[in-house]
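S.K.: what's the 3D shape of this:
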Amino acid sequence: MSSIAIKLNEKLIKSARERGRVEHRSAPKQLEFWAKIGRIAEDNPDLPFEMIRDILLGKAQAEAGELDPYAFGEGE
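M.R.: Alright, predicted model coming up:
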């Protein structure tokens, strides 16, 4: 993946550092996460943030092989 240098508002960088620290991400990774969420939200304006986050989490778990298949009709 290539990268480029861009100028960003210092307040935004500070916020990304603070939030990234809590989420265990670097400031650039936090900004990438926010950009991804924003892009998805623009494409899907009816989805709340929590649903977008949960979909991304489920996708990451599926890609890591951490999900069990759901058996329909069992446990009823």
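S.K.: Roughly how far does residue 28 sit from residue 14?
M.R.: Note on residue 28: its distance to residue 14, by Cβ to Cβ, to the nearest Å, is 14 Å. For the C-beta atoms, the positions are set from N, CA and C on the backbone; glycine is no exception.
S.K.: Got the phi and psi for residue 48?
M.R.: phi -70, psi 160 (degrees, to the nearest 10).
S.K.: Just the pLDDT for it.
M.R.: In this prediction, residue 48 carries a pLDDT score of 96.
S.K.: next one: residue 75
M.R.: pLDDT recorded at residue 75 is 65.
S.K.: which element is residue 5 on?
M.R.: Assessed by DSSP states H and E, residue 5 sits outside every helix and strand.
S.K.: oh sorry, the question was meant for residue 60
M.R.: helix 49-63.
S.K.: That helix: which residues count as buried?
M.R.: If you call a residue buried by 16 or more other Cβ atoms under 10 Å, then helix 49-63 has these buried ones: residue 52.
S.K.: Contacts for that helix, please.
M.R.: Helix 49-63 has contacts (Cβ atoms under 8 Å, 6 or more residues apart in numbering) with 36-37, 40-41, 44, 47, 67.
S.K.: Work out which residue lies at the spatial centre of the protein.
M.R.: Among the residues of the chain, the one closest to the centroid is residue 33, at 4.8 Å (Cα atoms, centre = their mean).
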